Structure formats: C-alpha cells, structure tokens
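> With the sequence up front, the predicted model follows.
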Amino acid sequence: MNSTTVIDTKISFKKTLIDFKQLVKVGLSLSVVFSAISGYLLAVNIINYQTLFLLAVGGFLMVAASNAFNQVIEKDTDSLMKRTMNRPLPAGRMSLNTALIFALIFTVAGTGILYSINPKTALFGIISVFLYTCAYTPLKSVTPLAVFIGAIPGAIPFMLGWIAATNELGVEVGFLFMIQFFWQFPHFWAIGWLQFEEYKKAGFIMLPINKKDQSATKQIIFYTVMMIVVSISPVLKITGAFYIHPITAIIISVLGAVMLYYGILLHKKQTDIEARKLMLASVIYITTVQIIYVIDKFLH
C-alpha cells in the first residue's frame, strides 16, 4: 500500500467518523447521558461504577438510536433547511439503509445494556426512543403539540438515572421528570423562534400557534415559572429522598430568574437576539442545576 492510498484511507475514515457523529448528534447524546448520570448520583450513597458505566453507554446508544431514526424519517425535510442540509443522509454521503441498520443496532444494544441494570430502566429507555421516533418526529409537521410530546422523552433521562440506581418509581422520579419536562418549553421555543423561517420551509410547527408573537412568549414565561417552582420544590421536603438545602434553593432561584429575565425581554422586544440569549441561558440552567443538585446531595 503506497503513501497516497494510506492518506486517502485516513481521509475517508475521518469523513465517515464525522458523518457518524452527525447521525447520532454526539453533543446532544452526551448532554443526555450527563442528565442520566446526574439522576443516578442523586439517588445513591455509594456509587456502583459498573452500573454508572452501563447507564452511560446504554443511555448514549438509546439517544443515538433516536437521533438516527429521526434523520432517516426527516431526510427530505432536512434537505430543505440550511442547518441540516449537510447531514450525511440529505447530502447523500450515507444511505438510508446504513443509517437504519445503525439505529436498529443501537436500539437493541442500548436496550440490552439498560436491561442488565434493571428492567424498568430498559422500559423507559424504549419508551423514550418510541415517543421521539414514532410520535414527536411525525407530529412536528402536524401540530404544535409535538413539542409537548417531545418533552416527554426529553425529560426521561434525568429520572432514568434515579430508576437505574433504585429500581423504584417514587415521588423523586416524578419531580426529576417534571424539572426537565418544564425546562424544555422555553428551551425549544427559543430555538423554534430562532429557526422559525427554516422550520417553516420544512413545514414544521415549532411554536405554540406557529407565530413569532407575544402569545408564544407568554407561554415561554409561564413554563419558565413552572420550571423554577418545580426546581426549588425539593427544599420543602415533599419530594421523598430528593431534598435540597435552602441556600441551594436560593441559588437555583437566581439561575431561574436569569432565564425568566430573558424570557420577559423576548416578550417585550420580540427579537432573535433575546431568543438566542434565552436559549443559551436555558442550556446553562439545566446543566448547572443538575451539578448543583449533585453537590448539594453529597454535602448532606
């Protein structure tokens, strides 16, 4: 094999790896795994590193499967939007069959790995893939309620970690679910606002009544308030073994107030600048809050 062939092989492998990363949305998948790990750490006193590893790998595979199925279904609409037209499927660098095989392998492997932790963890992993693929994805072009449906699989990872640790469906699981469930509305509606024209090209309805107006921003504000209330509710000791100190609740309130501030600014100014600030604030919020919860737990 000459040097030119070796270089061509390396370039081809690198391109294939980049396409694979785009298919499974590695960044998004890792952020979901982070949520699951946070939920696990909140539930345990002694960390079982084998369980933690299985949760991370199994969780990653299930999210990767969801993303791959999503891109198979949306190959044609992805080709209409600047943000997605260079993905491997619409760009023609990967076949539908290849992507589908990847998605199926990820689903089977992910389910098996999560099942080895406990059956409930596997069940909620499957529910997440099913709802994202078979409900949220096809409904995006039909109804704004798709965001509500999509918020369910989006909220499962945080509670999945707790289930992996305890094998129980208690009040704690419900609150972990609600925190991430309510968070998703301001987050995704901010993205829907920013990508409104692009989504319109693809026929996706990603704002409450498919308009960039104050009816949308009122709902953003409402769900942000709901998110803050649920996020600090563990301080009241109504959430079972999931409890936070008052100082932690204050810190989380301040973080939530920042998101609310940008939501109110978007309501007043109705510009993409405010929507982008809200979107970034929401990403910082959910990541930071999960870290704070874990730190608080180990300071008990």
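Perfect, thanks for sending it. Since we're looking at a predicted model, the values are computed, not measured.

> okay, CA-based contacts and neighbour counts for the rest of this
OK.

> Which parts of the chain are helices?
3-24, 26-43, 49-73, 75-78, 96-117, 119-130, 137-139, 146-166, 171-194, 196-202, 214-232, 246-269, 272-299 (DSSP state H).

> do you know which of those helices lies nearest Ile238?
For Ile238, the closest of those is helix 171-194, at 8.5 Å, according to Cα to Cα.

> From the contact counts, what lies against that closest one?
Under the contact definition 3 or more Cα pairs under 8 Å, 6 or more residues apart in numbering; DSSP states H and E, helix 171-194 sits against helix 146-166, helix 214-232, helix 272-299.

> Output that helix as CSV, restricted to C-alpha atoms.
Output in CSV follows, covering the C-alpha atoms of helix 171-194 (Å, rounded to 0.1, in the frame of the first residue of the first chain):
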residue,chain,number,x,y,z
VAL,A,171,-42.1,10.7,44.0
GLU,A,172,-38.5,11.6,43.4
VAL,A,173,-38.8,10.2,39.8
GLY,A,174,-41.8,12.3,39.2
PHE,A,175,-40.1,15.5,40.3
LEU,A,176,-36.9,14.8,38.3
PHE,A,177,-39.1,14.2,35.3
MET,A,178,-41.1,17.5,35.8
ILE,A,179,-37.9,19.6,36.2
GLN,A,180,-36.6,18.6,32.8
PHE,A,181,-40.1,18.5,31.3
PHE,A,182,-41.0,22.1,32.0
TRP,A,183,-37.5,23.3,31.1
GLN,A,184,-37.8,22.1,27.6
PHE,A,185,-40.6,24.5,26.6
PRO,A,186,-38.6,27.8,27.0
HIS,A,187,-35.6,26.0,25.6
PHE,A,188,-37.2,24.6,22.4
TRP,A,189,-39.5,27.5,21.8
ALA,A,190,-36.4,29.8,21.9
ILE,A,191,-34.9,27.5,19.2
GLY,A,192,-38.2,27.5,17.4
TRP,A,193,-38.2,31.3,17.4
LEU,A,194,-34.6,31.4,16.1
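
> Pull the residues that contact it.
Outside helix 171-194, the residues within contact range by Cα atoms under 8 Å, 6 or more residues apart in numbering are 39, 147-148, 151-152, 154-156, 158-159, 162-163, 199, 206-208, 212, 216, 220-221, 223-224, 226-227, 230-231, 239-242, 263, 272, 275-276, 278-279, 282-283, 286.

> Could you give the separation of it from the chain centroid?
Taking Cα atoms, centre = their mean, to the nearest Å, one finds helix 171-194 lying 9 Å from the centre of the chain it belongs to.

> what angle do that helix and helix 246-269 make?
Per axes from the mean of the first three to the mean of the last three Cα atoms, to 10 degrees, the angle that helix 171-194 makes with helix 246-269 is 30 degrees.

> Report the buried members of the contacts of helix 171-194.
Burial by neighbour count, 16 or more other Cα atoms under 10 Å: within the contacts of helix 171-194 this picks out 39, 147-148, 151-152, 154-156, 158-159, 162-163, 199, 206-208, 212, 216, 220-221, 223-224, 226-227, 230-231, 239, 242, 263, 272, 275-276, 278-279, 282, 286.

> so can I have TSV of the helices and strands packed on helix 171-194 showing mean pLDDT and distance to Ser29?
Compiled in TSV, these are given as follows (pLDDT from 0 to 100; distance: least, Cα to Cα, whole Å):
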stretch	mean pLDDT	distance to Ser29
helix 146-166	95	11
helix 214-232	96	22
helix 272-299	95	14
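
> Out of those, which is closest to Ala64?
Closest of the helices and strands packed on helix 171-194 to Ala64 is helix 146-166, at 13.1 Å (criterion: Cα to Cα).

> Who are the packing partners of that closest one?
Helices and strands touching helix 146-166, by 3+ Cα pairs under 8 Å, 6+ apart, are helix 26-43, helix 49-73, helix 119-130, helix 171-194.

> let's see it at 7 Å
helix 26-43, helix 119-130, helix 171-194 (3 or more Cα pairs under 7 Å, 6 or more residues apart in numbering; DSSP states H and E).

> how does the protein divide up, domain by domain?
Using automatic domain parsing, the domain ranges for the chain come out as 1-169, 170-300.
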